[in-house]
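Student: I'll drop the sequence and a predicted model, then ask my questions.
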Amino acid sequence: MINSTVPHPRRLRYLFSAVFLLLLIGYSGTILYLEGFSPALLQLTLLFLIAVLGTGALYNRVLQRQLTGFMDTVEEMVDRAIHGREQLTLFDETRLSSLEHKLLRYIEMGKANEHNLAAEKNMIKELISDISHQTKTPLASVLLYSQLLAETPDLSPDTRQLVEQIGIQSEKLDWLITSLIKLSRLETGMIHLQSEVRPVAATITSALSHLYTRAGNKNIIINIDCDPLTSARHDYKWTSEALFNLLENAVKYTEPGGSIRITAEGNEMFTRIEVADTGIGIPEDELEHIFRRFYRGHNAREVEGIGIGLFLAQKIISIQGGYITAASQPGQGSRLTLYLPQL
């Protein structure tokens, strides 16, 4: 960060010029005062002043040209580095050349670091792909075998309960692995969101389509207040994923017979989508932590969950230039508000 208290170079030049001129005038006046006034001494003094001022102006001019040349060289080096052209390596033993050499080394180190980061990114990409491939097949087999086993007649009640638990835990593990893979791909930049201006009503409906059955099983009423023309710049698929995570939490932590209200409205800069429920609520001192990875509140630990949904939702929305806020009171429900940019 540049220190704003450093005077501007032009002001410094004017200041030193004024001080230099005052010293010359003071020196010449003192000589005339001590030696007495005479035309010859006056002429010599004027010639001395002109010579010193001329020398100073010439030195200032040469120094300014040197600084301009140095800045042009640095600018050319940076421009060559940006466009990947061959660098200039003709240096002498001056301090300016030493600075040029250090800048060149810094640029080369930056390019090397960029290359290393790209290589690490490719390694992570391959690792995530391997994990995804190696885990999905065994999990799919476990789920299939548990379903086939559950259909077997003459199972004892205890055995059937154990088989159901195997299926439930396998589905939970499959969801966790899928969520972690999605999060890793987002964080490493492997997934590029395709944002475009489009209505948000279809995105909200897509997120809700996977939750109506769960909400119906708990007799939860879902109300939607969204103008069909309300739009925002967003990626349809991934924003629907983020909304699904918000709505899933609302359904999960709302008691049977409760309600969820979804409101969407736009302004000049953002489109606001609010998910308000009548659930158990969140203590005020925990609101700042709910978007952390694997965080679960004290009053939510009795409900099954992992604590990655809100973190993933915030990551998806922040990549698109938006943000999420939360407000809640224990026992009175929560309001999670998602903001998407208009442009």
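Tutor: Cool, got the structure.
Student: C-alpha from now on. contacts and neighbour counts both.
Tutor: OK.
Student: Next secondary structure element downstream of the helix or strand hosting residue 49?
Tutor: Using DSSP states H and E, residue 49 falls within helix 39-82. Later in the chain than helix 39-82, the nearest helix or strand by DSSP H and E is helix 95-150.
Student: what packs against that following helix?
Tutor: Packed against helix 95-150 by the contact rule (3 or more CA pairs under 8 Å, 6 or more residues apart in numbering; DSSP states H and E) you find helix 39-82, helix 157-187.
Student: cutoff 6 Å now
Tutor: Contact here means 3 or more CA pairs under 6 Å, 6 or more residues apart in numbering; DSSP states H and E; on that basis helix 95-150 packs against no helix or strand.
Student: Just want the angle from it to helix 39-82.
Tutor: Interaxial angle, helix 95-150 versus helix 39-82 (axes from the mean of the first three to the mean of the last three CA atoms, to 10 degrees): 30 degrees.
Student: Make 831 the starting number, not 1.
Tutor: Will do, 831 is the new start, and the previous item becomes helix 925-980.
Student: Give the other helices and strands that the helix holding residue 879 contacts.
Tutor: Applying 3+ CA pairs under 6 Å, 6+ apart, we find helix 869-912 packed against no helix or strand.
Student: avg pLDDT for that helix?
Tutor: Helix 869-912 carries an average pLDDT of 75.
Student: With stretch 997-1004 instead?
Tutor: Stretch 997-1004 comes out with an average pLDDT of 79.
Student: again, but for stretch 948-967
Tutor: The pLDDT scores in stretch 948-967 average 74.
Student: That one: how far from the chain's middle?
Tutor: Computed by CA atoms, centre = their mean, to the nearest Å, the chain-centroid distance of stretch 948-967 equals 23 Å.
Student: Same question for stretch 988-996.
Tutor: In terms of CA atoms, centre = their mean, the gap separating the centre of stretch 988-996 from the centre of its chain is 45 Å.
Student: May I see the buried residues of that stretch?
Tutor: In terms of neighbour count (16 or more other CA atoms under 10 Å), stretch 988-996 has its buried residues at 990, 993-994, 996.
Student: Let me have the residues you listed in CSV, adding distance to residue 1140 as columns.
Tutor: Supplementary listing: these in CSV, determined by distance: CA to CA, whole Å:
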residue, distance to residue 1140
990, 34
993, 30
994, 28
996, 26
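Student: Just give me the closest of the residues you listed to residue 946.
Tutor: Nearest to residue 946, judged by CA to CA, of the buried residues of stretch 988-996 is residue 996 at 42.8 Å.
Student: for the stretch 981-1130 of the chain, what spans make up the strands?
Tutor: Per DSSP state E, counting those that start in this stretch, the stretch 981-1130 of the chain carries strands over the ranges 1026-1029, 1051-1056, 1061-1064, 1089-1096, 1100-1107.
Student: Turn the ones you listed into a markdown table, columns for mean neighbour count.
Tutor: Shown next, in a markdown table, are these (neighbours: other CA atoms under 10 Å):
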| stretch | mean neighbour count |
| --- | --- |
| strand 1026-1029 | 16 |
| strand 1051-1056 | 15 |
| strand 1061-1064 | 24 |
| strand 1089-1096 | 19 |
| strand 1100-1107 | 23 |
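Student: Next, the buried residues of stretch 1010-1024.
Tutor: Using 16+ other CA under 10 Å as the test for burial, stretch 1010-1024 gives 1011, 1013-1016, 1023.
Student: what do you get for stretch 1152-1168?
Tutor: By neighbour count on 16+ other CA under 10 Å, the buried set for stretch 1152-1168 is 1152-1154, 1156-1159, 1163-1168.
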